[in-house]
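>>> requesting a structural model of the entry that follows:
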Amino acid sequence: MSYELVAAALGELDEGSAILRVGHSRNLRWANSALTTNGDMQTTNLTVVASGAADQGRRVAVLSGRVADPAEAAALASAAQQAMRDAAPVDATALPPGERRDIDEPAAELDDSTTETMLAGVGQFLESGAAQFGYAEADRVTTYLGTTAGTGVRHVQDSVRFEASARDDTGSTWWGTNTWDADFAAAAAQQAQDLRLQAAREQLAPGRHTVLLTPSAVADLLIYLTWSASGRDAVEGHNVFARTGGGTRIGEALSDRDLTLYADPDYPGLQTCGHAVVEANSSMESVFDNGLPLARQDLLRGGRLVGLRASRPTATRFGLQPFYLADNLILEDAAGHGTMADLIARTQDAVLVNCLWYIREVDPQTLLLTGLTRDGVYRVRDGQIVAALPNFRFNVAVPDLLSRIRDASGTQSCLPREWADWFVRTAMPALVVDDFNLSSASDAR
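Reported below is the predicted structural model:
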């Protein structure tokens, strides 16, 4: 009766939307090469957005809660309707007209084959010989969106998060994936090779170096850039995309390479919802845009900034184009080719950084980020990994990094290390970047 809960909520609203998420999640956790916990969880959560006309703009209230039957859904909507009447007016537009599709289909649950695949992947690492630590999770969330403007859609979203760390007396290494199609046996074997490489160690003075970033490390940096790409903040001069003297940097080249950074709900292997589903207002998203169709949107095209994120109300107020991104992120370098192994083989001298963590913003005006390398830093010389290096704190302004790319692999699906709690659907190339600031050595392992 999943959509019945949405219908019951809409029946209490003069205007607005209802979003029901029914989730099924299974997970495994292991430490010291032994399984420690496992979980099988199911959740049902309803968000009701009640809105109405005001003298200036519109009033809106949002309430969320767990509901078990139509009566509870109606009660939540009635409370939201009452709260809306007491709210202050906000900028708003009318809800977009929508379509109705698959709304009578039941919520989807994970099947046993997913669990078997997850267990088999974990087994490859537990049998690898090194001390293993990790986490694996499969999620299937069915989202129902209904609005008083006629939208009634259902979307089933699968998410995969698999992370494995291996440690011994020489060091540690990390590997992750966002797909069950990964070669887990090959990844476990690569971890064993990485640990053997860490037996040979060199030192490196802090400073600006040519760095080879794995797809995971690239994803962590560009996710933050995407989260920061607010059109309103740029117009008001608050972020790196503000033009000196006023306006935005839309149309400006950020790289002389043919880079395309985009989100696409139909990207193979990383498909995601094709409609805006918004549960809270911000300058980049509006509950009044619920049901808005989503298609591919480019942030960068040909190395140029071609858009900034803005809801329809924000776009109207600040002279921007409405700009929504689907829930994935892809970077393509037209000159990039080969695998990461191929990229290493054609690199003469660089510092290979396996992954990043503890990323924090230092300066929004330049999008300067700081953080630490983790679980594998290596010296690449004459196309081969020859030794392990210490970990470093880094400082990098992400838009400037785009202007210093020397070489790139082809694009592949990858799991970000730092932001995997919030964002898993990324596809990136590995990049060779000049003048990457490894600002100080770190004792972290």
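
>>> can you report how many residues lie near the nearest residue to residue 57 once chain neighbours are set aside?
Distances taken as C-beta to C-beta, 6 or more residues apart in numbering put residue 89 closest to residue 57, at 3.9 Å, once the chain neighbours are dropped. All C-beta atoms are positioned from the backbone trio N, CA, C, and that covers glycine. Residues near residue 89, counting by other C-beta atoms under 10 Å, number 14.

>>> residues touching residue 89, list them.
Going by C-beta atoms under 8 Å, 6 or more residues apart in numbering, residue 89 touches 54, 55, 56, 57, 58, 59.

>>> mind checking how far the third one is from residue 92?
The one in question is residue 56. 10 Å (C-beta to C-beta, to the nearest Å).

>>> tell me which of these two has more neighbours.
residue 92 (22 against 8).

>>> touching, that one and residue 313? I think so.
Yes - Residue 92 is within contact range of residue 313, at 5.5 Å (criterion: C-beta atoms under 8 Å).

>>> what do these two both touch?
Common neighbours of residue 92 and residue 313, counting by C-beta under 8 Å, 6+ apart, are 286, 288.

>>> quick revisit: list only those of the contacts of residue 89 flagged as buried.
54, 58, 59 (16 or more other C-beta atoms under 10 Å).

>>> pLDDT below threshold where in the chain?
1, 444-445 (pLDDT under 70).

>>> I figured residue 176 hits residue 420, correct?
Yes - counting by C-beta under 8 Å, residue 176 does reach residue 420; the two are 7.0 Å apart.

>>> list the residues that contact both of the two?
Shared contacts of residue 176 and residue 420, defined by C-beta under 8 Å, 6+ apart, are found at 161, 163.

>>> what's the closest residue to residue 407 other than its chain neighbours sitting at in phi/psi?
Distance criterion C-beta to C-beta, 6+ apart; nearest residue to residue 407, sequence neighbours excluded, is residue 432 at 4.1 Å. When read as degrees, to the nearest 10, the backbone of residue 432 gives phi -100, psi 120.

>>> could you measure from residue 432 over to residue 415?
21 Å.

>>> repeat that for residue 139.
Taken as C-beta to C-beta, the span from residue 139 to residue 415 is 13 Å.

>>> out of those two, name the residue with the larger neighbour count.
residue 415 (26 against 18).

>>> before we move on, the earlier item: now, the buried ones among the contacts of residue 89 that are in strands?
Those of the buried ones among the contacts of residue 89 mapping onto strands are 58, 59, per DSSP state E.

>>> and which of the buried ones among the contacts of residue 89 is nearest to residue 384?
The closest of the buried ones among the contacts of residue 89 to residue 384 turns out to be residue 58 (C-beta to C-beta; 62.3 Å).

>>> so what's that closest one closest to, chain neighbours aside?
Residue 58's closest residue in space is residue 92 (C-beta to C-beta, 6+ apart), at 3.9 Å.

>>> also residue 399?
residue 254 (5.3 Å).

>>> between residue 139 and residue 415, which contacts overlap?
residue 161.

>>> which residues in the stretch 151-300 of the chain form helices?
Here the stretch 151-300 of the chain has its helices, by DSSP state H, counting those that start in this stretch, at 184-197, 215-227, 231-235.

>>> elements contacting the longest one?
Of the remaining helices and strands, those touching helix 184-197 by 3 or more C-beta pairs under 8 Å, 6 or more residues apart in numbering; DSSP states H and E are helix 112-126, strand 152-168, strand 171-177, strand 384-388.

>>> so of those, which one's packed in deepest?
Comparing the helices and strands packed on helix 184-197 by mean neighbour count (mean count of other C-beta atoms under 10 Å), strand 171-177 ranks first with a mean of 23.

>>> send me that one as CSV with only the CA atoms.
Taking C-alpha atoms only, strand 171-177 is exported to CSV below (Å, rounded to 0.1, in the frame of the first residue of the first chain):
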residue,chain,number,x,y,z
GLY,A,171,51.7,-0.1,6.0
SER,A,172,48.1,-0.1,4.8
THR,A,173,46.1,0.1,1.6
TRP,A,174,42.4,0.8,0.7
TRP,A,175,40.2,-0.3,-2.2
GLY,A,176,36.5,0.5,-2.8
THR,A,177,33.9,0.1,-5.4
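
>>> what packs against that strand?
Short answer (3+ C-beta pairs under 8 Å, 6+ apart): strand 171-177 packs on strand 152-168, helix 184-197, strand 349-363, strand 368-381, strand 412-414.

>>> what does it rub up against?
160-166, 187, 190-191, 194-195, 198, 216, 354-355, 374-376, 388, 413-415, 417, 420, 445.

>>> and the angle for that strand with strand 384-388?
Here strand 171-177 runs at an angle of 130 degrees relative to strand 384-388 (axes from the mean of the first three to the mean of the last three C-alpha atoms, to 10 degrees).

>>> hmm, back to that, for the residue nearest to residue 58, list the residues it contacts.
Residue 92 touches 51, 57, 58, 60, 286, 288, 313, counting by C-beta under 8 Å, 6+ apart.

>>> residue 359 now?
Contacts of residue 359 by C-beta under 8 Å, 6+ apart are 220, 221, 224, 369, 370, 371, 418, 419.

>>> neighbour count and distance to residue 153 added to those, as JSON lines?
Converted to JSON lines, the contacts of residue 359 look like this (neighbours: other C-beta atoms under 10 Å; distance: C-beta to C-beta, whole Å):
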{"residue": "220", "neighbour count": "27", "distance to residue 153": "31"}
{"residue": "221", "neighbour count": "26", "distance to residue 153": "33"}
{"residue": "224", "neighbour count": "20", "distance to residue 153": "30"}
{"residue": "369", "neighbour count": "22", "distance to residue 153": "36"}
{"residue": "370", "neighbour count": "16", "distance to residue 153": "41"}
{"residue": "371", "neighbour count": "22", "distance to residue 153": "38"}
{"residue": "418", "neighbour count": "23", "distance to residue 153": "32"}
{"residue": "419", "neighbour count": "18", "distance to residue 153": "27"}
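
>>> quick check: which of the helices and strands packed on helix 184-197 is nearest to residue 396?
strand 171-177 (19.7 Å).

>>> chain center to that closest one: distance?
19 Å (C-alpha atoms, centre = their mean, to the nearest Å).

>>> which ones are touching residue 232?
Listed by C-beta under 8 Å, 6+ apart, the contact set of residue 232 reads 283, 284, 310, 314, 318, 320.

>>> of these, which is the most crowded?
Counting neighbours by other C-beta under 10 Å, residue 310 leads these with 27 neighbours.
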